[in-house]
Structures are given as structure tokens and as C-alpha cells.
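J.: Take this sequence and fold it.
(chains A and B)
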Amino acid sequence: GQQLNQSPQSMFIQEGEDVSMNCTSSSIFNTWLWYKQDPGEGPVLLIALYKAGELTSNGRLTAQFGITRKDSFLNISASIPSDVGIYFCAGPEGGSRLTFGEGTQLTVNP
Amino acid sequence: DAGVTQSPTHLIKTRGQQVTLRCSPKSGHDTVSWYQQALGQGPQFIFQYYEEEERQRGNFPDRFSGHQFPNYSSELNVNALLLGDSALYLCASSPGTSGTQFFGPGTRLTVL
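T.: Residues are numbered from 1 along each chain as shown, chains lettered A, B, ... in the order given. Model prediction:
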């Protein structure tokens, strides 16, 4: 199956800073999804991207679907303590089975 | 509008036993997918059910089986449990097989 490479693996930032993380694939995806997962909980969908070049915002979060269809970026502006968690990128493979990246662990210091 | 629900929340079993996990999809969704998430890793696709049939399957042995009911709810069964089956089991639902998937809170399975 396809593999998604997500970076960085972890980030330690100060409250108020902006955050940027990305996801790359060796193959083309037609949809990119970004999820956030808190400890012991299921992933929560943050942003869904359906079109190459698309830029979509959800509050302080902005994500972009790369024009090559092989990458996507997630930015968080003015981080706050509740942004702490693991962020996953995911894409549907073979129709609808989601392939996930390994996640970016975000820590925000107040 | 209820989201995806799963039961039980936690489960402890011993090697060799069998387990059944349950999932109710989000209202309006007819497709259920199951994922296994080991500690520190991203979720891994197990299988997907639509119209009461298994439509896609990931790289999991036959010990993992499932079922979907007419009301779209689903069960995941795991037989002959191994220590390595300890994980968070996630259910996701979507409107159709290609729709965006929404996840439940998961069931934490511990095999001793």
C-alpha cells in the first residue's frame, strides 16, 4: 500500500507561535484529510481537501492540497494550549480505505 | 445529532479468547470502517462494510471478522487473541464508500 511521510515527528513550541507540518506521498491522492487525536480518544476531522491547489481554513487552521497531488500542509496560527495533541494526515487508497501518516506530536508550552 | 459511538470503552482479555466490539455510525451514514491503532502509530485499516457486506479488507488475518446489520451498525470480532492484538480499535463511518470518514472514540483492548 501507499505510505505517507509526515514531518516533523514532534514539535515543542511556545503559546502564540505559528506551527507548520506537512505530509508527502510517493503516489497521487485525490483527497487529503487532516485529523487531530487527543490521548485515548478517536481522531477528530479538522479539514478535508478535495482538489489540487485547494486552500481551506477552519478557524486558526489552514491546510493546502499540493498541486502535485502528492503532498499537503497544515498550518496552525497563534497556537494555544488546547492545540496539544497528535496531528495525522490521511488519504483514501483504493476507493475509501484511509492510509495515515505516522503523526506529528505537538506540545504547546504556556 | 449523535456522532459515531463505540462499546465497550475498555476491555481486558486473555490470550486465546474471543472478543466482539460494537459500533453505531453517525446519523445518515451507511458505511462503517474499522481500524487498529497500536501505541504511537497511525491507525491501520482492517476492513469496511457497506450494504451488510465486507467491501475492502486490509492486511489482517482471518481471525478478524465483522458484520454489518440492517440499521448500519457493525461488529468487529477477533478470535484466538494474541498479545499483539492489544490496541485501540477505531470505528469510522461515512456516507457511502467514498465519503469522508468520521471516527468514534475507540475501544481500548488489552490482551494479557
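
J.: If residue A:45 is in a bridge, with which residues?
T.: For residue A:45, the residues forming beta bridges with it (DSSP bridges) are residue A:35.

J.: Show me which parts of stretch B:5-19 are buried, residue by residue.
T.: Neighbour-count burial for stretch B:5-19, with 16 or more other CB atoms under 10 Å in any protein chain shown as criterion, is recorded at B:6, B:13, B:19. Bear in mind the C-beta positions are built from the backbone N, C-alpha and C, glycine included.

J.: Which residues of chain B lie near chain A?
T.: Counting by CB under 8 Å from any CB of the partner chain, chain B comes close to chain A at B:4, B:6, B:31, B:33, B:35, B:41-45, B:48, B:55-56, B:58-59, B:88, B:90, B:92, B:94, B:97-106, B:108.

J.: Make a ChimeraX selection of the buried ones in those.
T.: Applying 16+ other CB under 10 Å to those, the buried members can be selected in ChimeraX as follows:
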select /B:4,6,31,33,35,42,43,44,45,48,55,56,58,88,90,92,94,97,100,101,102,103,104,105,106,108
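
J.: Out of the buried residues of stretch B:5-19, which sit inside strands?
T.: Counted as lying in strands by DSSP state E, out of these, are B:6, B:13, B:19.

J.: hang on, the last one packs against residue B:77?
T.: Right, residue B:19. Yes - the pair residue B:19 and residue B:77 qualifies as a contact (CB atoms under 8 Å) at a distance of 7.1 Å.

J.: ok now do residue B:105, which residues does it touch?
T.: Under the criterion of CB atoms under 8 Å, 6 or more residues apart in numbering or on different chains, the neighbours of residue B:105 are A:41-42, B:4-6, B:9.
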